[in-house]
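Undergrad: I would like the atomic coordinates for the input below:
(one chain, ligands or ions: 1)
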Amino acid sequence: MNNRSGHDDVVRSERRGAVAILRINRPEARNALNAAVFAALNGHLAELRTDDSVRAIVLAGASGVFCAGADITAFDALRADPLIGQRRASGGTLWADLENFPKPVIAAVEGLALGGGLELVLACDTSIVGQGARLGLPEVKLGVIPGGGGTQRLIRALGKPRAMALLLSGDLVTGTEAATLGLVGKVVDDDEVVEQAIALAQRISANSPLAVALAKDAALAAQTGSIAAGLEHEKRNFVYSLASDDSHEGQAAFVAKRSPNFTGR
Ligand SMILES: CCCCCCCCCCCCC[C@H](O)CC(=O)SCCNC(=O)CCNC(=O)[C@H](O)C(C)(C)COP(=O)(O)OP(=O)(O)OC[C@H]1O[C@@H](n2cnc3c(N)ncnc32)[C@H](O)[C@@H]1OP(=O)(O)O
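TA: Below is the predicted model:
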């Protein structure tokens, strides 16, 4: 399907019911992230954020590759950007925007997820990875460090010993190894990645959009604060969900032994 939104072809968008699939589309550069990709992804996310017909997003790459990271040939432009230290100016907020997106985002990782590409995976809520995929943060092999949140999210995902080994060596792991480490949500056969990611997104889309958003919001609080603060956050969200139309619909559907028809209110 063609891009509905008119964003540059470097990110293609398609729909499967309530699931939007965004594909990074620079196969000639193994889907490396340049300014055009950042702008296109941010543009799509802005549209999907307010589209109530979309309840979950799958982020994928074209031609059997997820993403080879930031475009190394664009580093000169990055060096010249006077505002590089203020990430918002340089498009560098993409990873945080993904992590805090009010709808679930699932990475469908085929082939390669390197550097900023793995950082996209870590910023997503979960990921489905092909067993033969290769994942890693090779930035130190280029004389830089991860700049898309990898130093912070990898250690939270894996714990210090495993995170430091990957961060400081730049070693790559396979999808199977990544699943064993806890770096990804689930490993599947290489040819099932996107369909399994879409299937998970569709299962999530059948749930209350409000409850899904409130659960994600509460769970993310666990990454930044004390357990006491997180429990308070969860309590606020639970009480809010209990008072929602969706909560009443969920209860009524259970009693009537029928499927709920959630509205997200
Ligand atoms: C920089 C964007 C500007 C936008 C502003 C916003 C910036 C915000 C702040 C940035 C934060 C940084 C984020 C991140 O932490 C930093 C990084 O990600 S650094 C990059 C890390 N990735 C890598 O080191 C991977 C490098 N590539 C490879 O190792 C190999 O190419 C491969 C991916 C394993 C594939 O190998 P092969 O299959 O053998 O194929 P080729 O090597 O021949 O590659 C084919 C073709 O693709 C080009 N290419 C591959 N990767 C990249 C890349 N990362 N950047 C640019 N181009 C890439 C490769 O050059 C070939 O092109 P060709 O020679 O055919 O023209």
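Undergrad: the residue lying closest to residue 63 once chain neighbours are set aside: how many residues sit nearby?
TA: Of all residues not flanking residue 63 in the chain, residue 27 sits nearest, at 3.8 Å (C-beta to C-beta, 6 or more residues apart in numbering). Just so you know, the C-beta spots here come from the backbone N, C-alpha and C atoms, and that holds for glycine as well. Around residue 27 there are 12 other residues, counting by other C-beta atoms under 10 Å.
Undergrad: try residue 222
TA: Neighbour tally, residue 222, other C-beta under 10 Å: 15.
Undergrad: which residues does it contact?
TA: Residue 222 makes contact with residue 230, according to C-beta atoms under 8 Å, 6 or more residues apart in numbering.
Undergrad: check residue 185 too.
TA: 106, 126-129.
Undergrad: report pLDDT for it.
TA: Per-residue confidence at residue 185 stands at 98 (pLDDT).
Undergrad: domain ranges for this protein?
TA: What automatic domain parsing lists as the domains of the chain is 11-205, 209-256.
Undergrad: quick one: the longest one near the ligand?
TA: Yes - contact of domain 11-205 with the ligand is found when judged by C-beta under 6 Å from any ligand atom, involving 29-30, 32-35, 38, 68-74, 78, 90-92, 112, 114-116, 119, 138-139, 142, 146-148, 150.
Undergrad: let's see which of these end up in helices.
TA: 35, 38, 78, 116, 119, 150 (DSSP state H).
Undergrad: distance of the nearest residue to the fifth one once chain neighbours are set aside from residue 262?
TA: Meaning residue 119. Among residues not flanking residue 119 along the chain, residue 148 sits closest, at 3.5 Å (C-beta to C-beta, 6+ apart). With the distance defined as C-beta to C-beta, to the nearest Å, residue 148 ends up 33 Å from residue 262.
Undergrad: check contacts around residue 203.
TA: Contacts of residue 203 (C-beta under 8 Å, 6+ apart): none.
Undergrad: do a quick rundown of the strands in the stretch 151-265 of the chain.
TA: Counting by DSSP state E, counting those that start in this stretch, the stretch 151-265 of the chain has strands at residues 172-174, 186-188.
Undergrad: adding mean neighbour count, write those out as TSV.
TA: Listed next are the strands of the stretch 151-265 of the chain as TSV, based on neighbours: other C-beta atoms under 10 Å:
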stretch	mean neighbour count
strand 172-174	18
strand 186-188	19
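Undergrad: for these, give me TSV that also has distance to residue 223.
TA: Converted to TSV, the strands of the stretch 151-265 of the chain look like this (distance: least, C-beta to C-beta, whole Å):
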stretch	distance to residue 223
strand 172-174	22
strand 186-188	20
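Undergrad: many thanks, we can stop here.
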